[in-house]
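Trainee: got a predicted model here, sequence first, then my questions.
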Protein chains: 2
Amino acid sequence: MTDDSTPKPAGLEGDPIEFAVMTEIGIINQLTTNLFQSHLPKGMTVAQFSVLNHLLRLEVQQTISELASAMQVAQPTMSSTVRKLEDKGLIELIYEPDDRRIRRVAVTAAGTQCRNDAVAALGPMAEKLRKNIPATEWEALLPPLNRIRVSLDELRS
Amino acid sequence: MTDDSTPKPAGLEGDPIEFAVMTEIGIINQLTTNLFQSHLPKGMTVAQFSVLNHLLRLEVQQTISELASAMQVAQPTMSSTVRKLEDKGLIELIYEPDDRRIRRVAVTAAGTQCRNDAVAALGPMAEKLRKNIPATEWEALLPPLNRIRVSLDELRS
DNA sequence: TCCATAAACATAGATATCTATATATTAGAT
DNA sequence: ATCTAATATATAGATATCTATGTTTATGGA
C-alpha cells in the first residue's frame, strides 16, 4: 500500500487508519469510564470495581503484581488501588506464610456485597446499549480487538 | 473449576458481552496511551498531541469548549491541557474581538513543527501494527466502534 | 556466615481526568 | 439603566495513572 493515486502532502496526510481507530477507542474509553462511574455506588471507582469483579469472577486470590498484569497497569498503580479498597474494608491483604514479601488480595464479604450491588446497577445500562448494538455485533468486535491487544502487547518491548 | 452444575445467583453470572468489550477497549486504551506516549517528543503528552493534531488536521482554530467537545473530555480538563501547550509556546490564545469571554486556540509555528515531528516518530509504530493487523481489518473496525461511540453519547443524557 | 542480587511491594512526584464551584463577560428583560 | 441569567473559562480538590526510586525479604555463591 505504498503508492496511492491521491496526492497528499508527504508525511502529513490524514491520520493513518490505525490512528483513527485508536482515537475512536480512546473516546469510547472515556465515555465508558464516565458512564460506568456514574452508575457505581458512591465512592467506588471503575478501577476499584474492576479489581473486585476480576477476583470474584475467577474466584481467586492474587498478588498485587498479578492484578497489575491482568489489568495491564503499572504495579504502583495497583498498589494504590488495592490500598483504597483495603481502607474501605472491601478486601484483605493476606501474608504468604513462607514468604513475607508476598501478600494476596482477598475480597471480604463487604466487598462481595459491594460488587454485586454494582453489577446489578450496571445491568440496565448494558440493556440499553444492546438495544442500539445487537449482541452479535458486540461478539464480532471481540476477536479483532483481542488481536490488536496482543499486537500492542508485543510492541511494548 | 469446581462444579459447573451450581446454579449461579440471578444477575450475577459472568460479564455481559458489553462488559467484556469495554474491558478489552480499556486495556487497549491503556496500552495505546503508553505506547504512543513513549514515542512522543519529551514533555509532549498524548492529550497535548491530540489537540495539536486535531487543529492542524482540520486547519481550524477552536475554543476550549469546542476542543473539549471534540475530544469528549470535560471543559476544565481541556483548559488544563491548553495551558500546558501555551506554557510551551506551542499554541496561542487569541481573544475574540467582539466577545472577551471567548479565546480561540491557534497553533504556533513551533507547535506545528512539534506535531510534525511527533507524527513522523509515530509512523514506524503504525507500520509495525499493520504487519499484524491488515489495514482492511482496521477499516472494518471503525464503523462498529463509531456506532458504539454514538450509543454511548446518547446514553450520557 | 556474609554479602550481593533478585523479588515484591511502597513511596514520591508528575500529568490527566473528573465534579463542583467561582469569576468575568455578554445578553436580555423590566 | 439596571438587574438577572447565560456563556466561556478558571480554580480547587479528588482519583488514576505513569516513571523512578526506596525498603523489606529471600536466595545463592564465595
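Mentor: Received it, and whenever you're ready, just let me know what you need. Residues are numbered from 1 along each chain as shown, chains lettered A, B, ... in the order given.
Trainee: only C-alpha atoms from now on, for both contacts and neighbour counts.
Mentor: Fine.
Trainee: where does pLDDT dip in chain A?
Mentor: A:1-15, A:157 (pLDDT under 70).
Trainee: mind redoing it with 90?
Mentor: Flagging of chain A using pLDDT under 90 yields the residue ranges A:1-28, A:31-32, A:34-36, A:38-43, A:96-98, A:117-157.
Trainee: helices along that one, start to end?
Mentor: A:17-39, A:46-58, A:64-71, A:75-87, A:109-132, A:135-155 (DSSP state H).
Trainee: domains for chain A, by residue range?
Mentor: Partitioning chain A according to automatic domain parsing yields domains covering residues A:1-39, A:44-155.
Trainee: for the longest one, measure first residue to last.
Mentor: The separation between the terminal residues of domain A:44-155, taken as C-alpha to C-alpha, to the nearest Å, is 33 Å.
Trainee: out of the domains of chain A, which is closest to DNA strand C?
Mentor: domain A:44-155 (3.9 Å; C-alpha to the nearest atom of the strand).
Trainee: if we can go back for a sec, CSV for the domains of chain A, including distance to B:Ile28 and mean neighbour count?
Mentor: Formatted as CSV, the domains of chain A follow (distance: least, C-alpha to C-alpha, whole Å; neighbours: other C-alpha atoms under 10 Å in any protein chain shown):
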stretch, distance to B:Ile28, mean neighbour count
domain A:1-39, 8, 15
domain A:44-155, 5, 16
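Trainee: and B:Glu139, which of these is closest to it?
Mentor: For B:Glu139, the closest of the domains of chain A is domain A:1-39, at 6.7 Å, according to C-alpha to C-alpha.
Trainee: residues from chain A in reach of DNA strand D?
Mentor: Within chain A, the positions lying close to DNA strand D (C-alpha under 7 Å from any atom of the strand) are A:44-48, A:72-78, A:80-81, A:84, A:98-101.
Trainee: next, the contact list for A:Gln48, please.
Mentor: For A:Gln48, the contacting residues are A:Thr81, A:Val82, A:Lys84, A:Leu85, by C-alpha atoms under 8 Å, 6 or more residues apart in numbering or on different chains.
Trainee: can I get the domains of chain A in CSV with distance to B:Pro16?
Mentor: Below are the domains of chain A laid out as CSV (distance: least, C-alpha to C-alpha, whole Å):
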stretch, distance to B:Pro16
domain A:1-39, 14
domain A:44-155, 8
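Trainee: any idea which of these gets closest to B:Thr136?
Mentor: It is, among the domains of chain A and with distance given as C-alpha to C-alpha, domain A:1-39, at 9.3 Å.
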